[in-house]
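Peer 1: Predicted model follows, preceded by the sequence.
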Amino acid sequence: MRRLTAIALAALAAASATAAAGCGGDSAPRPSGEAAALRQAARTHEYPSPATAADAVTGGWPSAVSAVEAFATAYINWSFATVTAQMRALAQASVGQARAATALAAAETAGDYELHHGGISNHGTVEAIAPLAHHPDQYVVVTREQTTATDSAAYQGLRPAWHLALATVTRLAGGQWVVSGWEPQS
């Protein structure tokens, strides 16, 4: 799936309406999946498109909740030595915005001087996953995490903290579930 901005979505909707109203008249049938795709794009801000070879997903989970739990657990448990590889792995196991966010995190952490020289690590547990009311395929994720550092006093005495994230899932053609959106809120 590719993320569309509100402007691009509006332009796509306007172009579709113009094409349906003017060019083909009533005799030009609208592709059967297009209306559903536009409804999904309006709801999720993502327009479904065929996967390319670069978009291929490694893995998948049998349920939406197991996909969210596995993603969240990997996302919050890392060390300075593993974070870049873990974010790359999460990017390969996700689609859409979640893939873009974790690929960006991998690129940013690879060259982060303070992260590596401070020996920074983050560890936590997924405490709760609940469906977001009135938003199909979205879940609220509550974690409890602690950040530490072996070569820096920056995190000394820092207590574990509660964090909240919003996860969106997508069901793949083979029936497996993957995370398609990951939005930490705190």
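Peer 2: Done, it's in.

Peer 1: And residue 143, how far from residue 162?
Peer 2: For residue 143, the distance to residue 162 equals 7 Å [CB to CB, to the nearest Å]. Quick note: C-beta positions are derived from backbone N, CA and C, even for glycine.

Peer 1: which one of those two has more residues nearby?
Peer 2: residue 143 (23 against 11; other CB atoms under 10 Å).

Peer 1: Next, the contact list for the more buried one, please.
Peer 2: Residues near residue 143 by CB atoms under 8 Å, 6 or more residues apart in numbering: 72, 76, 124-127, 162-165.

Peer 1: out of the residues you listed, which are inside strands?
Peer 2: 124-127, 162-165 (DSSP state E).

Peer 1: which among the residues you listed end up buried?
Peer 2: With neighbours counted by 16 or more other CB atoms under 10 Å, the ones in strands among the contacts of residue 143 contain buried members at 124, 126, 163, 165.

Peer 1: could I get those residues as JSON lines with distance to residue 110 and pLDDT?
Peer 2: Converted to JSON lines, these look like this (distance: CB to CB, whole Å; pLDDT from 0 to 100):
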{"residue": "124", "distance to residue 110": "22", "pLDDT": "98"}
{"residue": "126", "distance to residue 110": "26", "pLDDT": "99"}
{"residue": "163", "distance to residue 110": "23", "pLDDT": "99"}
{"residue": "165", "distance to residue 110": "23", "pLDDT": "98"}
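
Peer 1: Nearest to residue 175, out of those: which one, please.
Peer 2: Distances from residue 175 to those, taken as CB to CB, are shortest for residue 126 (23.3 Å).

Peer 1: What separation do you get for the closest residue to the closest one other than its chain neighbours and residue 164?
Peer 2: Leaving out its chain neighbours, the residue that sits closest to residue 126 by CB to CB, 6 or more residues apart in numbering is residue 72, at 4.9 Å. According to CB to CB, residue 72 stands 11 Å off from residue 164.

Peer 1: same check, this time on residue 131
Peer 2: Separation of residue 131 from residue 164 (CB to CB): 15 Å.

Peer 1: before we move on, what about residue 153?
Peer 2: In terms of CB to CB, residue 153 sits 28 Å off from residue 164.

Peer 1: Same check on residue 152?
Peer 2: If you measure residue 152 against residue 164 using CB to CB, the figure is 26 Å.

Peer 1: now swap in residue 186 and tell me
Peer 2: The gap separating residue 186 from residue 164 is 5 Å, by CB to CB.
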